[in-house]
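Visitor: got a predicted structure here, sequence first:
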Amino acid sequence: MRVVTVMIVFCALLTAGFTFYPEWIRLSEMKRDLVKEKTHLIELQKLTMEKKREVHLLQTDREYLEIIARDKLDMMKPGETIFRLSSTSGHTRP
């Protein structure tokens, strides 16, 4: 009788294992994806704040607007000398 009880318990545990193991794996993957998505969200929030700051400066700070415009158009004031430093990271300016 004891052997039958042990076999029934073993079968029940085995059935439960086969039932819940795929869900446990799926839950682990979902947790990993959630962490990745939260990290991506934080990066996007930082980028949004930087862009909002730049828009605010462009709308309110004439000096900043002048600097950006002169840089984009490669213009300089009379008597001004511009020094361009090359990037060591290998990135080029658009």
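Guide: Structure's in. What do you need?
Visitor: going forward, measure contacts between C-alpha atoms and count neighbours the same way
Guide: OK.
Visitor: past the helix or strand containing residue 35, which element shows up next along the chain?
Guide: Secondary structure assigned from DSSP states H and E places residue 35 in helix 2-60. Per DSSP H and E, the first helix or strand lying C-terminal to helix 2-60 is helix 62-73.
Visitor: show me which residues of that next one are buried.
Guide: Buried positions in helix 62-73, judged by neighbour count with 16 or more other C-alpha atoms under 10 Å: residue 65.
Visitor: so which elements touch it?
Guide: Judged by 3 or more C-alpha pairs under 8 Å, 6 or more residues apart in numbering; DSSP states H and E, the packing partners of helix 62-73 are helix 2-60.
Visitor: so what does the helix it packs on touch, helix or strand wise?
Guide: Applying 3+ C-alpha pairs under 8 Å, 6+ apart, one finds that helix 2-60 makes contact with helix 62-73.
Visitor: contacts for the helix it packs on, please.
Guide: Contact with helix 62-73 is made by 57, 58, 59, 76, as judged by C-alpha atoms under 8 Å, 6 or more residues apart in numbering.
Visitor: as JSON lines, the residues you listed with pLDDT and distance to residue 32 would be great.
Guide: Output for these, formatted as JSON lines (pLDDT from 0 to 100; distance: C-alpha to C-alpha, whole Å):
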{"residue": "57", "pLDDT": "95", "distance to residue 32": "38"}
{"residue": "58", "pLDDT": "92", "distance to residue 32": "39"}
{"residue": "59", "pLDDT": "94", "distance to residue 32": "41"}
{"residue": "76", "pLDDT": "80", "distance to residue 32": "51"}
